[in-house]
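> using only what follows, build the 3D model:
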Amino acid sequence: MQEPEIRRVTGKREFKQFIDYQYDRNRADARWIPPLRLGEIDKLTPRKNPFFAHADVDLFLAHRDGRVAGRIAAIDDRLHNETHGDNVAAFGFFEADDASVSRALLGHVEQCGPRRGGELGSPTRAGGRAHGRQRALGAIGHRRSLEARRRA
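Okay, the predicted model is just below:
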């Protein structure tokens, strides 16, 4: 098995792959309740989601052996950072086939996520602000740096 290659989502085809990955990956899980596709698309479409007025979101896909093996979003919420005096970038929409893909995706976002030299914070989804961001977007975990996660 080869190492995963991480690529930025740049076009409609890759965007569709980014959205479809969670459905393909979780299809066989009887306990998985799929979100509405249109809702997932709207969350990540700048003209349909006001979150993008104060945030930058970069989407990435992991490819291995000719197919998509994972996905992640690097999220830089300028309003959050200005409001709270933080310099934190978040990640979200994170799913991977296995541990090696997970490491590759997290490593890539750790390198490119914090645009202004800050730390990489907790997972989230694009679409909310400050404390409401975590509640409304189903953020997992609490705020701590990726380094703290690795030490644990």
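> please enumerate the helices of this protein.
Taking DSSP state H, the helices of the chain run over residues 12-26, 37-43, 78-84, 99-112, 130-137, 146-151.
> next one: the first one to chain centre, how far?
Think helix 12-26. 13 Å (C-alpha atoms, centre = their mean, to the nearest Å).
> buried set for that helix?
By neighbour count with 16 or more other C-beta atoms under 10 Å, helix 12-26 contains the buried residues 14, 15, 17, 18, 19, 21, 22, 25. (C-beta placed from N, C-alpha, C; glycine too.)
> list the helices and strands that helix packs on?
On a contact count with 3 or more C-beta pairs under 8 Å, 6 or more residues apart in numbering; DSSP states H and E, helix 12-26 meets helix 37-43, strand 55-64, strand 67-77, strand 88-96.
> what angle do it and strand 67-77 make?
Helix 12-26 and strand 67-77 meet at an angle of 110 degrees, taking axes from the mean of the first three to the mean of the last three C-alpha atoms, to 10 degrees as the criterion.
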